[in-house]
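*Asks:* got a predicted structure plus its sequence, pasted below:
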Amino acid sequence: MIKYLLILLFLTPIQAFAGKYANQANENPFHNGELNAKYEGEATALGGTVLKHITVNNNNLYLLDLKTSSINNIWVTSFVKAQGKEVVEVGDNVIFKGYISTASSLDETEELENSIQSKTLLMAIYALNKGK
């Protein structure tokens, strides 16, 4: 039963869970080259090349190059195993779907924010790793 519920969850469009800023966030979830903190909790998807992998407080974090000149590299934390190639490595092309989050809401000690040098990141609930 749980297996079928998980399949249904992953097949449901992410917009079905989105809040009042979802359309705006999906049109332009960025502000000053980073994810816009105003849209915290809103669903969006990002895809790019993994530049760096670090672990902070037992959480895996990936620095993603979106290959867009006006947007900085974006940090993503993922709590799920990637589809496709399961282990995410530097150089892999990955699509992450999840929710915009502030570093301070995930870690009040500021260790996360200091480690990633960003106020926002994507908290992924789905990852598709296409490899290198």
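*Replies:* Thanks, I have the structure now. None of the values given here were measured: they were computed from a predicted structure.
*Asks:* how many residues are close by residue 64?
*Replies:* Around residue 64 there are 24 other residues, counting by other C-beta atoms under 10 Å. In short, each C-beta sits where N, CA and C put it, glycine included.
*Asks:* got it, and residue 124?
*Replies:* 24.
*Asks:* mind checking the longest strand of this structure?
*Replies:* Ranked by residue count, the top strand of the chain under DSSP state E comes out as strand 43-56.
*Asks:* relative to strand 43-56, how tilted is the helix or strand that it is followed by?
*Replies:* Sequence order places strand 59-65 as the next helix or strand after strand 43-56, per DSSP states H and E. Orientation check (axes from the mean of the first three to the mean of the last three C-alpha atoms, to 10 degrees): strand 59-65 against strand 43-56 gives 120 degrees.
*Asks:* quick one, helices of this protein?
*Replies:* Listed in chain order, the helices of the chain (DSSP state H) span 2-11, 22-27, 103-106, 111-116.
*Asks:* weakest of the ones you listed by average pLDDT?
*Replies:* Across the helices of the chain, helix 2-11 has the smallest mean pLDDT, namely a mean of 47.
*Asks:* count of neighbours near the closest residue to residue 131 other than its chain neighbours?
*Replies:* Distances taken as C-beta to C-beta, 6 or more residues apart in numbering put residue 85 closest to residue 131, at 4.6 Å, once the chain neighbours are dropped. Around residue 85 there are 16 other residues, counting by other C-beta under 10 Å.
*Asks:* list the contacts for residue 85?
*Replies:* Applying C-beta atoms under 8 Å, 6 or more residues apart in numbering, one finds that residue 85 lies in contact with 92, 129, 130, 131.
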